[in-house]
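K.L.:
Requesting a structural model of the entry that follows:
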Amino acid sequence: MEFLLGRAVSGENARKIDNPYVSATHCRVWCDDKSNIYYIEDMGSTNGTYVNGVLVRQMAIKGDDKILLGGEGGYATTLEELLSTSTPRQMEHSIEHLRKIYEDYHRDMTSFKTKTQVYSSIRIIPSALISIVAVMFAVNDNLIIAVLSFVAVIACLLLSTILMRKNEEKMKERITKFQLTYVCPRTRRFYGDKSWQVLQNEAKCMFCNSNFQ
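P.N.:
This is a model prediction of the structure:
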C-alpha cells in the first residue's frame, strides 16, 4: 500500500491537501509488505516534512506519530488518521499470520513456567534431603560428610538461582518479541492480551478500523 500527499496529487491513492504550506507533491507514505512497517518520505517539499517535531527525509512511522507537512501553519495528521480515510478496499488486511505468533508465544510461556517450577524444586527438594543427611552425619560426628552435604546444598541453591535467572531473561526477551510482532499490520500497535480468536471474532481492527480478511 502506498499513497501520495500534496496540494496537486491525483490518483486512487492520493491525499489532496488544501494548505499553502504543503507542496504540490509533498510526501508519500507506504507500507513494506515484508515487515508490515509504514514509512514516510519527503518528496523534495519546500517547507519540509516533520515527524514528532523532527524534520525528516525518510523514516519508519507508527500509528500515533505526529506528522506535520509544511512546518508551522502546515497540515497536521497521524498515520491512524490517514488510514482511517482510506477506501474500503484499502481498509482490509489479514491477521492470519497472527495465529502462529499468538500460539507460539503461549506455548513458549507455558514452557518457561514449567522450567521455573523445575528450577524451584532444585532449590527445595534436593536441599531438604541433603540437609537431613548432613544433620544425621553431624550427629554421628562424621564432619567431612556433613561439610560435603552442606556444600552440596549451597551448590543446589546456586544452580537453581542461575537457571531461574537465565529463564527469566529469556522469558522477558520472548515477551518483548511478542509485543513487537503481535501488532496491527498497519499501525504496528500491540494487540495486548486479546487472543487471536477474539480478534477474529471482532472482525475489525481496534486501531485502524480495518476489516479483517
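
K.L.:
So I67 is in contact with I40, correct?
P.N.:
Yes - at 6.6 Å, I67 counts as touching I40 under the criterion of C-beta atoms under 8 Å. The way it works is simple: take the backbone N, C-alpha and C, and place the C-beta from them, glycine included.

K.L.:
Give me the common contacts of the two.
P.N.:
Shared contacts of I67 and I40, defined by C-beta atoms under 8 Å, 6 or more residues apart in numbering, comprise 49, 51, 61.

K.L.:
residues touching the closest residue in space to T161 that isn't next to it in sequence, list them.
P.N.:
Counting by C-beta to C-beta, 6 or more residues apart in numbering, R123 is the residue found nearest to T161 once chain neighbours are left out, at 7.7 Å. Shown in contact with R123 (C-beta under 8 Å, 6+ apart): 156-157, 160-161.

K.L.:
Please list only the buried members of those residues.
P.N.:
156, 160 (16 or more other C-beta atoms under 10 Å).

K.L.:
quick one: which of the contacts of R123 sit in strands?
P.N.:
Assignment to strands by DSSP state E places none of the contacts of R123 there.

K.L.:
from the contacts of R123, which is closest to W30?
P.N.:
T161 (49.1 Å; C-beta to C-beta).

K.L.:
For the chain, which segments count as strands?
P.N.:
According to DSSP E, the strands that the chain contains are 2-6, 14-16, 27-31, 38-42, 49-51, 54-56, 58-61, 66-69, 75-78, 92-93, 211-212.

K.L.:
Output those in JSON lines, with mean neighbour count appended to each entry.
P.N.:
Compiled in JSON lines, the strands of the chain are given as follows (neighbours: other C-beta atoms under 10 Å):
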{"stretch": "strand 2-6", "mean neighbour count": "19"}
{"stretch": "strand 14-16", "mean neighbour count": "16"}
{"stretch": "strand 27-31", "mean neighbour count": "20"}
{"stretch": "strand 38-42", "mean neighbour count": "19"}
{"stretch": "strand 49-51", "mean neighbour count": "22"}
{"stretch": "strand 54-56", "mean neighbour count": "13"}
{"stretch": "strand 58-61", "mean neighbour count": "15"}
{"stretch": "strand 66-69", "mean neighbour count": "21"}
{"stretch": "strand 75-78", "mean neighbour count": "17"}
{"stretch": "strand 92-93", "mean neighbour count": "15"}
{"stretch": "strand 211-212", "mean neighbour count": "14"}
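
K.L.:
No more questions from me, cheers.
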